[in-house]
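1. My questions concern the predicted model and sequence given below.
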Amino acid sequence: MKKITIFFLGLALVSQLKVNAQEERDRVITTAVPFLLVAADARAAGMGDQGVATSPDAFSQQWNPAKYAFATSEHGIGVSYTPYLSDIVNDIFLGNINYYQRIDDRSAFASSLRYFSLGSIQRRDSFEQEPLLVNPNELTFDLSYSLQLSDNIAMAVAGRYLRSDLGLQDEEDLGAANSFGVDIAAFYRSNQMVFSGFDGVWKAGANISNIGPKMKYDDAGQENFIPTNLKVGTGFDFIFDIENRLGAYVEFNKLLVPTPRDFNDDGVIDSEDDAEYNDIGAIEGIFTSWGDAPGGLAEELREVTWALGAEYLYRNAFAFRAGYFSESLTKGSRRFASFGAGFKYEQVNIDISYLFSTSPVPSPLEGTLRFGLTFNFGDQYPTY
């Protein structure tokens, strides 16, 4: 009798866990312009979509613009291309171009443009109707300024214009939604330390990105939060000798956007709950996002993603990278391993990366090669 009781208690527990998991899947946080959270450059993609505490490069604008104050070249231009759903279509892609300039020994400014094409879509209500070609797209344009507050610490502020044009819905032009965002970032780099057998440098970074108002596509439509996000990370560079260096990094991310929930406690998240959710302001949402998950602290922690990454450099000319990114299966289920490589010839860097999904949910980047080119020129600044 005791065994039977335990058996049925176990079944009840499993059933409850399944219900809770389904409820959490219904509470996945969605935002406008989600492509802002996707790695736009091949170097960061090769290390598990992270870059808040890695060494500076031309693509630091997305991850941590404070790193530009420690850039080793006076000028840098980065161009990258990321195909989406490449096994199905060939016109969905994410393009990115960045430029930075060191103003002096302690400061720098940078700009970047990201463009996400959702391809060409033919819309028609019947076979007889002439198809209407729609080309939905989204883009952002950024400007940033970074300043060294000391020999080891830099901070930055960035401003971002966001535009999302999703085309038509129910034969009506939604129009382009617009918004703006602000980033506040910090970067720490220690002095070079001497250990037994190698030297080392600690790095750490933090960035609160996309602080700004919600986006609205039409007067009657729902306002959508933009992906305000907190990144924090740290890393350590092992400097074995002048030719060999290994960096190991870890990064954590949390969307500072409210969790959808059943406000009226009727057991479902419906239009009434959406209306109340829509009344939450953008700044209010940043603060409430730390403790509004119905599942309490355990669910809040499941809304945090993490990534591990490593980069090996040989003669500062060849790079080999690997990383892993993890998100809770009930909060989006993005899980993947990535690998990458880089080659430097004079002032040009060529980077590629490749992604393997480890999630039951297929990734649109599964089996996709990402490419990046970086051009560094001008005066050189010391690495450490």
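-> Looks like it came in fine. Residues are numbered from 1 along each chain as shown.

2. in the stretch 151-300 of the chain, which ranges drop under the pLDDT threshold?
-> The stretch 151-300 of the chain contains residues with pLDDT under 70 at 167-175, 218-221.

3. can you give me the helices in it?
-> Remark: helices assigned in the stretch 151-300 of the chain by DSSP state H, counting those that start in this stretch are 271-278, 282-288, 297-302.

4. quick one, which of these is nearest to Tyr68?
-> With C-beta to C-beta as the measure, helix 282-288 is the member of the helices of the stretch 151-300 of the chain nearest Tyr68 (25.1 Å). Glycine gets a C-beta too; all of them are placed from N, C-alpha and C.

5. Check whether Tyr324 really touches Ala307, as I assumed.
-> Yes - in this structure Tyr324 lies within contact range of Ala307 using C-beta atoms under 8 Å: 6.7 Å.

6. Now for those two: what residues contact both?
-> The contact sets of Tyr324 and Ala307 overlap at Gly48 (C-beta atoms under 8 Å, 6 or more residues apart in numbering).

7. Same drill for those two, tell me which one is more crowded.
-> Ranked by neighbour count (other C-beta atoms under 10 Å), Tyr324 and Ala307 place Ala307 first, with 26 against 19.

8. From Phe116, how far off is that one?
-> Here Ala307 is placed at a distance of 21 Å from Phe116 (C-beta to C-beta, to the nearest Å).

9. what does Ala154 give?
-> Counting by C-beta to C-beta - Ala154 and Phe116 are separated by 29 Å.

10. And these two? Which one has more around it.
-> Ala154 (27 against 23).

11. Give me the spatial nearest neighbour of that one, chain neighbours excluded.
-> Ala69 (3.8 Å; C-beta to C-beta, 6 or more residues apart in numbering).

12. Three-state assignment for the one you found, please.
-> helix (DSSP: H, G, I helix; E, B strand; the rest coil).

13. pretty sure it is in contact with Ser144, am I right?
-> No - in this structure, Ala69 is not within contact of Ser144 by C-beta under 8 Å, at 10.4 Å.

14. Quickly list what's touching both of these two.
-> In contact with both Ala69 and Ser144: Ala156, using C-beta under 8 Å, 6+ apart.

15. Touching the helix or strand hosting Tyr99 from outside, list them.
-> Using DSSP states H and E, Tyr99 falls within strand 92-102. Contact with strand 92-102 is made by 35, 38, 40-41, 58-62, 68-69, 71, 73-85, 108-119, 378-379, 381, as judged by C-beta under 8 Å, 6+ apart.

16. Quick one, which of the residues you listed are buried?
-> 35, 38, 40-41, 58-62, 68-69, 71, 73-76, 78-85, 108-110, 112, 114-119 (16 or more other C-beta atoms under 10 Å).

17. What about these, which are in helices?
-> Of the positions in the buried ones among the contacts of strand 92-102, Ser60, Gln61, Gln62 sit in helices, assigned by DSSP state H.

18. Go through those residues and name the one nearest Ser150.
-> Ser60 (19.0 Å).

19. Surely that closest one touches Lys67?
-> Yes - if you go by C-beta under 8 Å, Ser60 and Lys67 touch, sitting 4.2 Å apart.

20. Give the partner strands of the helix or strand hosting Ser338 in its sheet and their orientations.
-> Assigned by DSSP H and E, Ser338 belongs to strand 335-345. Its sheet considered, strand 335-345 pairs with strand 318-326 (antiparallel), strand 348-357 (antiparallel) by DSSP bridges.

21. Leaving aside the residues adjacent along the chain, what's closest to Ala110?
-> Closest to Ala110 by C-beta to C-beta, 6+ apart is Tyr100, at 3.7 Å.

22. Please apply the same query to Gly78.
-> Ala58 (3.1 Å).

23. any idea where the strands of the stretch 101-250 of the chain begin and end?
-> Secondary structure of the stretch 101-250 of the chain (DSSP state E, counting those that start in this stretch): strands located at 107-118, 121-123, 132-134, 137-148, 153-165, 168-169, 172-173, 176-189, 193-194, 199-211, 229-239, 244-255.

24. Output the ones you listed in JSON lines; the columns should cover distance to Arg315.
-> Shown next, in JSON lines, are the strands of the stretch 101-250 of the chain (distance: least, C-beta to C-beta, whole Å):
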{"stretch": "strand 107-118", "distance to Arg315": "26"}
{"stretch": "strand 121-123", "distance to Arg315": "48"}
{"stretch": "strand 132-134", "distance to Arg315": "49"}
{"stretch": "strand 137-148", "distance to Arg315": "28"}
{"stretch": "strand 153-165", "distance to Arg315": "27"}
{"stretch": "strand 168-169", "distance to Arg315": "53"}
{"stretch": "strand 172-173", "distance to Arg315": "55"}
{"stretch": "strand 176-189", "distance to Arg315": "22"}
{"stretch": "strand 193-194", "distance to Arg315": "22"}
{"stretch": "strand 199-211", "distance to Arg315": "17"}
{"stretch": "strand 229-239", "distance to Arg315": "13"}
{"stretch": "strand 244-255", "distance to Arg315": "8"}
